[in-house]
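Asker: What follows is a predicted structure for the sequence shown.
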Amino acid sequence: MVLALSQQEVDGGACIETEKSSAGISRIALVIEYNGRRYAGSQMQSDVATVQSELQDALLALTGEDIRVSMAGRTDAGVHAYGQVASFITSSSLPIHTFISGLNHFLPDDISVKSAKAVEESFDPRRHASKREYEYCILNSNTRSALWKGRAYQVSGHIDACAMDRACKLLLGEHDFASFTPALDDIEKTTVRHMYDAGTRRAGNMVVVKLVASAFLAHQVRNTVGALIRVGQGKMTQEEFQAIISVREFGLAGPSAPACGLYLNKVYYSNSLEEGI
């Protein structure tokens, strides 16, 4: 299940509140969407605008508390989100619905809180996530689009979305995805991931790649899409794409597709955790 992420919950404003702890402290989880074009990523960085810094500034304005926000996943500069999950601990007695309306009042127009709920104090949006879903939008057009500028990657010439979809199926299951990341960073302990769903679909001149995995390595989605685009253009065969997976050589799948077309679509949590929330 997706934490407070179903369209019914978003549209209906549904939320679930739990009682505060004896110390008057509660943890709130948010589902947020944002246009990442203006930000240097989701995670806090010094002297640049990030989604986390904007959320923390809005929480300070709303509650008067200097609150640290944790997020389900790191997104790079220019990457967007429909369903990023964030959480924080507060001693504020504001009702849940006020966190939605109040934060949206103080946040810039390109970040929006879609839902909120009180959760167990032990909830960790990153550690407790079971799956992440990303989508990548490719505008397959010979002319630029004013409406999709900064929100999709324009690729001219025909792209074979069916060929891309067949290549996607080679990603399913558990693999060592070393070829799709530049290096193993200090946080990651292994390059093995489980890909639960992978596919490509076309709607008019928009080609959308969807990838759902237990977690993703740095730049994994964008490197994967870059290779898939070459498959769709006839510049790479299915066998060559399979070889990239099998070789397990850091950075082999590059170059990356640009950040503008990438969206963190959903974050999933286990049913047992959902029942406990």
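Answerer: Perfect, thanks for sending it. This one's a predicted model, so the numbers in the text were calculated from it and none came from an experiment.

Asker: any chance you could map the helices in the chain?
Answerer: 7-12, 51-63, 96-106, 161-169, 220-232, 238-247, 271-276 (DSSP state H).

Asker: mind putting those in TSV, distance to Pro182, mean pLDDT and mean neighbour count included?
Answerer: Where C-beta positions appear, they are placed from N, C-alpha and C, glycine not excepted. Compiled in TSV, those are given as follows (distance: least, CB to CB, whole Å; pLDDT from 0 to 100; neighbours: other CB atoms under 10 Å):
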stretch	distance to Pro182	mean pLDDT	mean neighbour count
helix 7-12	35	34	11
helix 51-63	23	97	20
helix 96-106	35	97	17
helix 161-169	21	98	19
helix 220-232	8	98	25
helix 238-247	14	97	15
helix 271-276	32	49	11
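
Asker: With distance to Trp148 added, can I get the ones you listed in TSV?
Answerer: What follows is these, written out as TSV (distance: least, CB to CB, whole Å):
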stretch	distance to Trp148
helix 7-12	23
helix 51-63	21
helix 96-106	25
helix 161-169	17
helix 220-232	16
helix 238-247	27
helix 271-276	35
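
Asker: what's the closest of these to Phe180?
Answerer: Nearest to Phe180, of all those, is helix 220-232, at 4.5 Å by CB to CB.

Asker: any idea how far that closest one is from the chain center?
Answerer: The gap between where helix 220-232 is centred and where its chain is centred comes out at 17 Å by CA atoms, centre = their mean, to the nearest Å.

Asker: From here on, call the first residue 754.
Answerer: Got it, the first residue is 754 from now on, which makes the last one we talked about helix 973-985.

Asker: which residues are in contact with it?
Answerer: For helix 973-985, the external contacting residues (CB atoms under 8 Å, 6 or more residues apart in numbering) are 829, 887, 889, 891, 908, 912-914, 916-917, 920-921, 924, 930, 932-934, 946, 953, 960, 962, 964, 989-991, 994, 997, 1004, 1006-1012, 1014-1015.
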